[in-house]
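Asker: just a sequence and a predicted model for now, questions to come.
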Amino acid sequence: MDTLLRNARRKLSQGLLFWREAGEGIPIVLLHGNWYESSQWVEVMESLAPNFHCFAPDLLGFGESERPNIHYSIDLEVECLAEFCQALKLGKVYLLGDSLGAWVGASYALKYPEQVRGLILLAPEGVNIEGQEQNCQKMRQLIQRQPLFFKILRSLRFLTKLFGLDKKIEQDWQTRQMLLQNPTASQLLFQRQQPEIEAELLNDSLGKLEIPVLVLQGGKDTPDALARSQAYSKLIPQAELKIIAHAENNIPQACVGLVAGDVRDFITKTF
């Protein structure tokens, strides 16, 4: 029998929030990654729904949730999540988050520890690693560059290929397109003032988490992603790091069965 996925919307103080819902039982809130929205979790939800009550919201400014013209921050997303959980009377939940969603989930657990039973974090963002500020600067520059700049470079492909620059130029173009297509994620990760971003990083706070935490990381993901997951696992007292050797990024869609199985095992051990 196919799992019944239900869609719903609710007006919160900052705007209308959309979510997908399936199943009954222990509540799990699934928080999507940087360049995605709640549909990222559909297959995982279908696998978990026979045993758990799954809620996958589009974070404010993403997907089908409202995109108010406001200044976005991690704390804003945390407060929207808190209001969402309170409105639905979810009580203590498990949080399952990917990249940006993991940063929001960990921040929520630190601010509202009495509301969280455990965390499953996939390739989490939100900690300072070597080269972090330089990467932010690069992303800002890519966003600010004029399309004409790339148009000219791409028209000179015969020259850029000769100097071995063609692949880098194409990669920068694709990255810029992704950033422009995801303005809220770009603002949260790169386009705020550096001191504001750094103030929300969790390096100095993760040691305060007193709940079980599982960190899942693709073994073939970027070196930066691996470094962040390793930092989380070292800084959180009760954290377990599991490397999925063959996985790259977007584990929720690339490794549905493994993620669902790890979530079931984690909740069975910690509930």
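Answerer: The structure has been received and is ready for your questions.
Asker: which stretches of the stretch 101-250 of the chain form strands?
Answerer: 116-122, 213-218, 239-244 (DSSP state E, counting those that start in this stretch).
Asker: need those in JSON lines with mean neighbour count and distance to Ala227, can you?
Answerer: Heads up, the C-betas are built off the backbone N, CA and C, glycines and all. Compiled in JSON lines, these are given as follows (neighbours: other C-beta atoms under 10 Å; distance: least, C-beta to C-beta, whole Å):
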{"stretch": "strand 116-122", "mean neighbour count": "25", "distance to Ala227": "14"}
{"stretch": "strand 213-218", "mean neighbour count": "24", "distance to Ala227": "10"}
{"stretch": "strand 239-244", "mean neighbour count": "17", "distance to Ala227": "12"}
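Asker: of those, which is nearest Gln177?
Answerer: strand 213-218 (22.8 Å; C-beta to C-beta).
Asker: the closest one pairs with which strands, parallel or anti?
Answerer: With DSSP bridges as the test, strand 213-218 is paired with strand 116-122 (parallel), strand 239-244 (parallel).
Asker: following the last one, which helix or strand comes up?
Answerer: Think strand 239-244. Following strand 239-244 in sequence order, the next helix or strand is helix 251-254 (DSSP states H and E).
Asker: could you list every helix and strand in contact with that following helix?
Answerer: Contacts defined by 3 or more C-beta pairs under 8 Å, 6 or more residues apart in numbering; DSSP states H and E place helix 251-254 against helix 42-48, strand 213-218, helix 256-270.
Asker: now that helix: average pLDDT?
Answerer: If you average the pLDDT over helix 251-254, you get 96.
Asker: deepest of the helices and strands packed on helix 251-254, which one?
Answerer: Sort those by mean neighbour count, taking mean count of other C-beta atoms under 10 Å, and strand 213-218 sits at the top with a mean of 24.
Asker: distance to Cys54 for the strands paired with strand 213-218 - can I get that in JSON lines?
Answerer: JSON lines is the format used below for the strands paired with strand 213-218 (distance: least, C-beta to C-beta, whole Å):
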{"stretch": "strand 116-122", "distance to Cys54": "12"}
{"stretch": "strand 239-244", "distance to Cys54": "21"}
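Asker: I'd like those strands laid out as TSV, including distance to Asn34 and mean pLDDT.
Answerer: Formatted as TSV, those follow (distance: least, C-beta to C-beta, whole Å; pLDDT from 0 to 100):
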stretch	distance to Asn34	mean pLDDT
strand 116-122	12	98
strand 239-244	19	97
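Asker: nearest to Arg192, of the ones you listed?
Answerer: For those, proximity to Arg192 was assessed by C-beta to C-beta; strand 116-122 is nearest, at 21.9 Å.
Asker: distance check, the closest residue to Ile129 other than its chain neighbours against Lys220.
Answerer: Spatial nearest neighbour of Ile129, excluding adjacent residues (C-beta to C-beta, 6 or more residues apart in numbering): Ala227 at 4.5 Å. Separation of Ala227 from Lys220 (C-beta to C-beta, to the nearest Å): 14 Å.
Asker: Gly101 contacts Phe62, correct?
Answerer: No. Using C-beta atoms under 8 Å, Gly101 makes no contact with Phe62, being 9.8 Å away.
Asker: find residues that contact each of these two.
Answerer: By the contact definition C-beta atoms under 8 Å, 6 or more residues apart in numbering, Gly101 and Phe62 are jointly contacted by His32.
Asker: out of the two, which sits in the busier spot?
Answerer: The neighbour comparison of Gly101 against Phe62 (other C-beta atoms under 10 Å) goes to Gly101, with 32 against 28.
Asker: so what's the backbone phi/psi at Glu21?
Answerer: Backbone torsions of Glu21, given as degrees, to the nearest 10, read phi -140, psi 140.
Asker: okay, now the closest residue to Ala231 other than its chain neighbours: neighbour count?
Answerer: Closest residue in space to Ala231, ignoring its immediate chain neighbours: Val127 at 4.6 Å, by C-beta to C-beta, 6+ apart. Neighbour count for Val127, taken as other C-beta under 10 Å: 22.
Asker: and for the one 3 residues further on?
Answerer: A count of nearby residues for Glu130, using other C-beta under 10 Å, gives 10.
Asker: which one is it nearest to, not counting chain neighbours?
Answerer: Ala227 (7.2 Å).
Asker: also Pro50?
Answerer: In this structure, Pro50 finds its nearest non-sequential neighbour in Gly23, 6.7 Å apart by C-beta to C-beta, 6+ apart.
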